[in-house]
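In: missing the sequence, but the structure's below:
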């Protein structure tokens, strides 16, 4: 008999398989243009990836690989993308061929760590819409650090948890800030493809302390950088753009954070 968390994962995987079949042809991702310039990363993460050259990099929850390939463009020695969606991995492999880029893509859940790749990477990277798909932020952090070499770094850039407590109109608090259990939603369309079918998904809210404590409370980990941003590089809501490429919620500009960035290190033995 399938447990509840496994059932949630099956539903979420079906959602992301469907989205991955649509997103490569969406205007949001503009894949034709990407193949030409091979860069999809945003200013926030680019500022924190200055030391990537010559590094072995693992991209967790890579979707169909645009950001993974962008890491190679920045000078990574090797790039590996990992995602639980078979459709996403298939699309990523095809994209790497179109870009003539040497990349490895693996179908695997982020929390299902691969023991054969333990301590194999100088950098683990993940961004935008990542940890909330998992019930346990500490388990996600443990998995990310599992893949790091001693002295290796984790870079996580994601939407701020404050953003997820508000209703769809950003007017009222609808969901708890803390992780009090699964949140079930039914949505029609995706952030990139409005034609996506109506499907159910399951997510969990994680506070900033949920994300930081697995780092600062662990003897073999240290925080290198933490910041919050009152803007998003993505126009994913009714937004204003007072500065090009920096989107804020209309009528709520500068009132609360929309994105956070964490950079942490696995201490050397």
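Out: The structure has been received and is ready for your questions. Since the structure is predicted, the reported quantities are computational estimates derived from the model, not experimental observations.
In: alpha carbons only for contacts and neighbour counts from here, please
Out: OK.
In: Point to the residue nearest the middle of the chain.
Out: Note on the chain: the residue nearest the mean C-alpha position is residue 127, at 3.1 Å, using C-alpha atoms, centre = their mean.
In: Go ahead and confirm that one touches residue 233.
Out: No. With contact defined as C-alpha atoms under 8 Å, residue 127 does not count as touching residue 233 (11.7 Å).
In: ok, back up a step: what residues does the nearest residue to the residue nearest to the centre of the chain once chain neighbours are set aside make contact with?
Out: Of all residues not flanking residue 127 in the chain, residue 157 sits nearest, at 4.6 Å (C-alpha to C-alpha, 6 or more residues apart in numbering). Applying C-alpha atoms under 8 Å, 6 or more residues apart in numbering, we find residue 157 in contact with 44-45, 126-128, 259-262.
In: now for the least confident helix or strand in the chain by mean pLDDT, which elements pack on it?
Out: Lowest by mean pLDDT, DSSP states H and E among the helices and strands of the chain is strand 239-243, with a mean of 86. With contacts taken as 3 or more C-alpha pairs under 8 Å, 6 or more residues apart in numbering; DSSP states H and E, strand 239-243 sits against strand 246-249.
In: before we move on, back to that, ok, the residue nearest to residue 127 to residue 31 distance?
Out: 22 Å (C-alpha to C-alpha, to the nearest Å).
In: can you check residue 176 too?
Out: 36 Å.
In: do the same with residue 39
Out: Residue 39 sits at a distance of 11 Å from residue 31 (criterion: C-alpha to C-alpha).
In: State whether residue 67 is indeed within a helix.
Out: Yes. Counting by DSSP: H, G, I helix; E, B strand; the rest coil, one finds residue 67 located in a helix.
In: pLDDT wise, what is it at?
Out: According to the prediction, residue 67 has pLDDT 98.
In: List the residues that contact it.
Out: When contacts are counted by C-alpha under 8 Å, 6+ apart, residue 67 touches 39-41.
In: for those residues, which one is nearest residue 192?
Out: Nearest to residue 192 among the contacts of residue 67: residue 40, at 14.4 Å, using C-alpha to C-alpha.
In: For the chain, just list every one of the helices.
Out: 4-22, 31-37, 43-47, 66-73, 86-99, 137-146, 208-216 (DSSP state H).
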